[in-house]
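> Next input, structure requested:
(2 chains)
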Amino acid sequence: MSVPAARTQPAARDVARGLPRFPGLGSGYVLYGIAAALALLIVSLLLVVIWSTFVAGQPRLGAALTLANYAEVFRSTLTYPGIVNSLLIGVGTVLLNLLFALPAAYLIHRTDLPWRHVFTTLMLVGVIIPGFLRAIGWILLLSPQIGLINQALRLAIPVETGPLSIYNLGGIIFLQGLMLTPLIFFAVAATMQAMNPDLEEAASVSGAGPLQVLRRVTTPLMMPAVLAAVIYNFMTAIAIFEIPALIGGPGRVVTLATLMYSSIQASAGLPRYGMAGVYGVLLLIPTLVALYLYQRMLQQGDRYAVVTGKGYRPRIIPLGRWKPVAVAALLGYFTLSLFLPFLVLVWASLLPYIQVPSAAALESVSLSAYATVLQALDVRVLGNTVALVVSVGLLVATLSLITSWVVVRTRYPGRRLLDTAAMLPHATPSIAIGFAVAFLALALASVLPLYGTVAAIVLAHTIAFVSFGTRTANSALLQVHRELEEAAFTSGASAVTALRRIILPLVLPAVLYTMLWVGLLSLREVTMALFLQRPQNTVLATQIWNYWMSTKPAEAAALGTMLIVVVAAGFIVLLQVAGRRIYRQ
Amino acid sequence: MWRIAFGALACLLLILACGPAAPASGGTGAASAAGGDSAAAAAGGASAAAPASDAAYRQQVVDAARAEGEVNATLHTSWTPEGIQRVEDAIEREYGVRIKINYQPIINYVQRASELLGEAQANVTPSFDLYQSSDTTAAALFRAGAHEEVNWAPLLPQGTPARAIGPGGRYVVIYTDHFGLLSDPTVIPDADVPRSLKDLGNPKYRGKVMLFVSTNTYMPWVIRLGRDETLAALRAAVQNGAIADTFPGHLTRYAAKEYPMATTGVTFARLAEARGLPMRFTPLDFSQNTDHLAFVARKAAHPNAAKLLAAVLAGPEGQKIEEDVIGVSNRYYPGTREAKLEDDALAAGFPSFSWSDSPDALDFVLSPEGEATVREMGQIVQGG
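Numbering: from 1, shown residues only, chains lettered A, B, ... in the order given. Here you go, the predicted structure:
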C-alpha cells in the first residue's frame, strides 16, 4: 500500500503516544473538531430537554423555571413501579437477547452453517416489523381470552380463560427479547468476522477442546463488543413504549416509557413535555452508570486487539453432524421472531379488521387494503424515505468512525467526554430528541430552513443512532492494533489518510453493518418522525402509523408487508453481491 | 470509480434531504413566513378590514381564495381521496372557485394543538391553514390566540344552522359526537347493558370493559356526579379488570372479540358498524355531546381558502359528504343520526351534557384543579 511522501517526519514521542502528525492545522485536529461539534450538538439538544423539565406547560423561551414537574413525577404512585418494571424489563430483555444472539452470531459467522446469507437477511428483515404489529400478533396467539394457543390448550385443560397469558412482565420481556436480538447479533457479528484465529489455534494446539477455546479465548476477546451491545440493548429495552403499552395495559404493568408517552398524550390542555422530560431523566441515570463501567473497560482496550499487521483469516469451525441441529435452532428462533409476526401481518392485511383465523374470517379475505395503499401512495413519501435512510446511514457511519477513532486512538483532551456525549442520546427517549430538534428548528427558523423538512428527521435520527454507531466502531477499532496506524504515520501519512486507507478497510464490515442497521432503524423509527412530521416530510414509517391510528389496520399491515418484501429482496441481492466481502471464505 | 460515484450520490441525497419545503404548497418554515403569496397577503389584509356589506365581504374572500388556489388542512383521519375531491367540487359549486385541498389526517388533536402553539410562539407560518379540533382541546389554543377570528355568517352556505358558528367567530362546527358505551349485542344482552359509569364495577362485567385512555372525556361525570364519585367509579371499573386503550386499540380488541365493551365515541362505534361488526351504542349516565370544529390558524399561508373549506364542511352539502365518507353527522341539523341519537337518549331518560352549553365547565377543565383531576383519573385508569 503506498502512502504520500512525508513533508516532515513525526516526532518519535508523538508516534509512541499515538498522536498523528499535524502539519498546519492537522487532519487529526480536523477529525477532533468534527467529533467535538457532534458532541456539542448532542449536549445542546439534551440541555433543551433538561431545561424543559423545569418549565410548566408548553416549553417556551422566557418561561419561569419550576420544580413542579419533578414534584408531580415523584408524587405519582405509578413512578416507582414504573422504575422497577423498566429495570426488570431491561435486564430480562438483554439476557434473552444474549441467549439468542450469541449462538446465532457464532453459528453464522464462525462455522460452516449452510444458508448463512439467508439467515443474515432474516435477521435484518425482522428489524422492519413495527413493534405494535408484533404485539398484536402475539395477542392473537397468547391472549387469555382469544389467543389461538390458549384455545388449543383449553381443549385439554378445563379453564375459562388462559391458561397462558402474554399480559404480564414476562410477556413484555419475551416480545422485546425476540425483537431486539438482531441488535446484539449485528454488534458482535463484525467482531467475530474480524477475529484473528492465531490465539484460538494456539489454544487448540495446546490441548484445549472446542468448548474450552470458546470459553477461555473467544468469549473474552468478544467481551468489548458484547458489553457494548448489552449496554445499548438495555437502554433500548427500557425506552420502548409500544409493546408495554399494548401488552402491559391489561396486565397493569407500567414502565417509564409508557408514563412518558401518557404525559405527551395529555388528556386535557397540551402535552406535558416537562413531565415527559423528567421520566427521560430517570431513564438517563442507569445509562450513565452503565457507561461508566463501559469506559473503564475501554481503558484496557489493547488487551482485545486481535487485528494486527500480519495477514489473517478467521477460522471456520466445521459443524459436522450438528449442522441440522444448528439450522433447526435458528429456524426455531426465526419462527418466533419473524415468521409468526409476518404471518399475522399478512393475515391482518387481508381482512377488514383483525380477527382470529376462522372459516368466517377466511370469507372476508381480500386485497382491497393493498389497492387502497397503492392508490394513495405518494412518490414524495417514497423519495423522503430513501433520502432519510441513506443520509442517516452515511452520516452515522461517518461520524461514528471519526468519533470512535478520536476516543480509542488518540490522547486528545476530553475524548472520554466525547464518548460519553455520543452515548447520551441513546439514554434519551426518542420523543425528547424529537421535541428538542423541533424546538431548535423553530427557534432558528429565520436563519436555517430546517423546520418541516426531511433534514430535521435526518438530524434527529442521526443524533439518536450515533450511539449505536460509536459502540460498534469502538469495538471494531479495539481489535485493530495501533502498529498499523503507527506504520502509516511513520511513513508520513496524515490522520485522515490513515483512517481512510488503513483503518476503514479493516473495519469495513463494522461500518457496513452500522450503515445497514442504522438505515433499517431509521426506516422503522416512527416516534421522532411523527413528532417532526409536517405536510412535506412524511415518510413510510409515519404513513404506516397514520393508517394504524386512523383505525385502518389492514392498510397499515399492507404497507408494512410490502415494505418488508421489498427490503428483504433488496438485502438478498445486496448480500449476494457483497457476500465475498462480508463472508471471508 | 465506484467510490466517487457513491460519494456523489450520497452528497446528492443529502442535498435533496436538506432542501427546504416548497413554499407554494407548504405552510412551513421561514421561507413561507418571509415570502408568502402577495395576493394572499393582500387578501389577508382584506379579511381584517371592515367589509362594506356581507356580499362584498364574501366576494372579497372568494377572490382572495382564488388567488391562493390551495389550502393545507388537517382533518378527520377517515377522509379518502374521493371524499376530498367531492369537497373540492362542493366548494366550486358554492363559490365558483376551484381550491386544491392538501389533506393530512389529524390523528391526535392534542399533538396538533401543541405543534400549532409552538409555531405561533415562534412566529412562523403554521404547518396547516385549517385545523380540526374538539371543544376541549381547542380551548387552550383559543386562549393563546392561535386562531383567526372570522366573520363566518356571510360565508356559510344557505341552510347552515346558526349554532354551527362558535363564539367570537373562532370556529365552525363541522360535526358532533357522542361519548358513551360501545357493546357487542351478541355477547351482552340488551337487559344487561350498563347504564352508568358505576355499573362498570359490577362483577358480571369483569374483564369485559375497555376504558378510553384520554381521561378528560370523564370530566362531564366529575361536573355532574362529583369528583369523588367519578374517581370511585373509575377505580371500581379498573379493579374489575377494565383496561385503558386508545380508539384504534379499542377497535382492534373489540373486533378480535377480546373485549366486548368500550367507552368510546359514537364515531368509532360507527366505524365498527361499517366494517360489519355487531355493535350497540348507548349513553352512560347522560348523553355526552362533543363539538368537532374547524378553525383558521393565525398567520395561515392560505387563510381565505381555509375559510371557504371550513364553511363548506359546516354547510348542508359538506355535512352530506361527511356522513357518506367518514360516517359523522351534526346534531345541530335536525333529523341527522346525531340529532336522533340525542333525542333517543333524552327519551330514555338520560339528561344531556355538552361543552358548548357549559362554558363554566370548560373553564374548570382548563383550571389547575381540573387538570389535576384529569391527571388523577389518568393514574387510576393506568392502574395507579
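> Can you name the residues that contact the closest residue to residue A:165 other than its chain neighbours?
Of all residues not flanking residue A:165 in the chain, residue A:144 sits nearest, at 4.5 Å (Cβ to Cβ, 6 or more residues apart in numbering or on different chains). (Glycine included, C-beta is placed from N, CA and C.) Counting by Cβ atoms under 8 Å, 6 or more residues apart in numbering or on different chains, residue A:144 makes contact with A:150, A:161-162, A:164-165, A:167.
> Tell me the secondary structure of residue A:144, please.
Taken by DSSP: H, G, I helix; E, B strand; the rest coil, the conformation at residue A:144 corresponds to coil.
> Check it and give its pLDDT.
The per-residue pLDDT reported for residue A:144 equals 88.
> Over to residue B:27?
Looking at residue B:27, the pLDDT reads 36.
> Could you do residue B:15 as well?
For residue B:15, pLDDT reads 56.
> Then residue B:381?
88.
> Skip the chain neighbours and tell me the closest residue to it.
Nearest non-adjacent residue to residue B:381, counting by Cβ to Cβ, 6+ apart: residue B:244, 4.1 Å away.
> Direction included, what does the helix or strand harbouring that neighbour pair up with?
Here residue B:244 sits within strand B:243-245, counting by DSSP states H and E. Within its sheet, strand B:243-245 is paired with strand B:209-212 (parallel), according to DSSP bridges.
> Following the chain onward from the strand it pairs with, which element is next?
Following strand B:209-212 in sequence, per DSSP H and E, is helix B:219-225.
> and that following helix, what's its mean pLDDT?
Computed over helix B:219-225, the mean pLDDT rounds to 92.
> For residue 136, which residues are in contact?
As the question left the chain open, I've gone with chain A. Contacts of residue A:136 (Cβ under 8 Å, 6+ apart): A:246, A:344, A:348, A:354, A:553, B:252.
> think we crossed wires, I meant chain B
Contacts of residue B:136 by Cβ under 8 Å, 6+ apart are A:268, B:216, B:219, B:290, B:355, B:362, B:365.
> Show me how far the helix or strand where residue A:140 lies is from its chain's centre.
When elements are assigned from DSSP H and E, residue A:140 belongs to helix A:131-142. Centre-to-centre, helix A:131-142 and its host chain are 21 Å apart (Cα atoms, centre = their mean, to the nearest Å).
> Residue B:103 and residue A:140, how far apart?
33 Å (Cβ to Cβ, to the nearest Å).
> Likewise for residue A:247?
Separation of residue A:247 from residue A:140 (Cβ to Cβ) stands at 12 Å.
> likewise residue B:178?
Using Cβ to Cβ, residue B:178 is found at 31 Å from residue A:140.
> Likewise for residue A:167?
13 Å.
> neighbour count winner among the two?
Each of residue A:167 and residue A:140 has its neighbours counted (other Cβ atoms under 10 Å in any protein chain shown); residue A:140 has more, 24 against 20.
> residues contacting the more buried one?
A:146-148, A:344, A:354, A:356, B:256.
> So, low pLDDT: which residues of the stretch 1-150 of chain A?
The stretch 1-150 of chain A contains residues with pLDDT under 70 at A:1-26.
> Enumerate the residues of it near chain B.
Proximity of the stretch 1-150 of chain A to chain B, by Cβ under 8 Å from any Cβ of the partner chain, involves residues A:58, A:60-61, A:72, A:76-78, A:136, A:139-140, A:143, A:145-146.
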